[in-house]
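Enquirer: Let's see this in three dimensions:
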Amino acid sequence: MRKVPAAFLLTLLLTAPAAAGNITVYYPPGHTLVEEGVLTVEGSVTDHALYEIDVVVNGEETYQAYVRDFLFSVEVDLAPGENRIRIGEETLDVFFASEGETAPAEYRPVYGHIGLDDGCAECHEGSDEGKFSFEESPDEVCGWCHGDLVRGSGGEDLASVHGPVKAGKCLLCHTPHLSDKPGLLAEKVSECRECHRQTFERLETERYVHGPLNLGDCRLCHTIHSSRQQSLLVDSPLRICPQCHFDVEVKPDTPEELRPHVLIPQGLCGRCHFPHSSDNPKMMREPAARLCLKCHPKKARSFHEKKGFSIYACQKCHDLHRPTKPHLIIENS
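Expert: Residues are numbered from 1 along each chain as shown. Take a look at the predicted model:
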């Protein structure tokens, strides 16, 4: 993804780029900071009779940009430091930050859609009046290059796809052409809480909140577009949870009689724990004893009551994650 200047923050769909006479320059906008010595100059024309345009760099080198379907594109070579480019009657300043060169403050980088390198015709089609539209619906056009986000790649199917991605609503979070943020993020990106309201409302009322949400970064556990895991997880729970919760990691040399609860090696942490927030300690879905009795009602009553043990304080004798004795029992219990 190439860098272009922050001065051009509004997308080409919402505002007109620099225009002079019959020529409109889409890229570069003024005071562009680039890190490569070859620059692609792009734009459109409204004059049917205009077949080529002179692009002059620093008053010396002239390049011919040929017009096709009202669009033109040409690569030019830049000198280190400041460059002045004339396209028709339009003059633009570009700074090439080669090694050791420091750009003045008015030059700033942003990011450009890589499709711009292939010209507007990659996504748009022009009319006889010089107007442009999508060749297909926006979600179809995005899918030509980013289809792996919906369909998967490498022969592996996706287990979950983010709702806006599946619906082709890429522009809820991204700009189509230029942005001052990596990933072509829009100036105002829809936040997670705008769609996942119930989850975030619970954070305001429940006593315990998962650490990543306290940090305000859902991406520690979830990917944004799609995943081979359920719930858009960045990886299997067997790999995600132990990164912070070291006690749930099952080491290969663990003796069979000291292995943790059967759900843990399966990565089924969510059977007992809420992932985001809870009113119960340790993010439990219910108080611990009540949760245990859902799966172990007969065993708990028949054995423990005969021995005179309480069936409502399981955690006093048992550790489901790191037991030190068989039957998930811990020392000094």
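
Enquirer: What is the neighbour count of Glu52?
Expert: Counted with other CB atoms under 10 Å, residues neighbouring Glu52 total 11. C-betas here are computed from N, CA, C, even on glycine.

Enquirer: Low-confidence regions, the stretch 101-250 of the chain specifically.
Expert: The stretch 101-250 of the chain contains residues with pLDDT under 70 at 110, 117-119, 126, 128-130, 153-155.

Enquirer: number of nearby residues for Cys195?
Expert: Neighbours of Cys195 (other CB under 10 Å): 14.

Enquirer: Glu89 versus the nearest residue to it once chain neighbours are set aside, what's the distance?
Expert: In space, and not counting its chain neighbours, Cys195 is closest to Gly163: 7.2 Å by CB to CB, 6 or more residues apart in numbering. Using CB to CB, to the nearest Å, Gly163 is found at 47 Å from Glu89.

Enquirer: swap in Cys221?
Expert: Distance of Cys221 to Glu89, given as CB to CB: 53 Å.

Enquirer: who has more neighbours, these two?
Expert: It is Cys221, of Cys221 and Glu89, that has more neighbours when counted by other CB under 10 Å, with 22 against 10.

Enquirer: Walking through this protein, point out its helices one by one.
Expert: Listed in chain order, the helices found in the chain under DSSP state H are 138-146, 148-151, 163-166, 192-195, 197-205, 211-215, 237-240, 288-295, 297-299, 305-307.

Enquirer: Now render the ones you listed as TSV, adding distance to Ala313.
Expert: Below are those laid out as TSV (distance: least, CB to CB, whole Å):
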stretch	distance to Ala313
helix 138-146	53
helix 148-151	48
helix 163-166	42
helix 192-195	37
helix 197-205	27
helix 211-215	27
helix 237-240	28
helix 288-295	6
helix 297-299	16
helix 305-307	13
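
Enquirer: and of those, who's closest to Leu258?
Expert: helix 237-240 (18.3 Å; CB to CB).

Enquirer: which residues make contact with the closest one from outside it?
Expert: Contact with helix 237-240 is made by 221, 229, 233-234, 265, 267-270, as judged by CB atoms under 8 Å, 6 or more residues apart in numbering.

Enquirer: Name the nearest of the residues you listed relative to Pro104.
Expert: Ranked by distance to Pro104 (CB to CB), the contacts of helix 237-240 are led by Val234 at 40.2 Å.

Enquirer: Spatially central residue in the protein, please.
Expert: Ile224 (4.5 Å; CA atoms, centre = their mean).

Enquirer: And for that residue, nearest residue in space, chain neighbours not counted?
Expert: Once flanking residues are discounted, Ile224 sits nearest to His162: 6.4 Å by CB to CB, 6+ apart.

Enquirer: Next, the contact list for the one you found, please.
Expert: Going by CB under 8 Å, 6+ apart, His162 touches 224-226, 232.

Enquirer: how close does Lys307 get to Glu42?
Expert: 80 Å.

Enquirer: Which one's more surrounded, the two?
Expert: Taking neighbours as other CB under 10 Å, Lys307 and Glu42 compare with Glu42 leading, 22 against 6.
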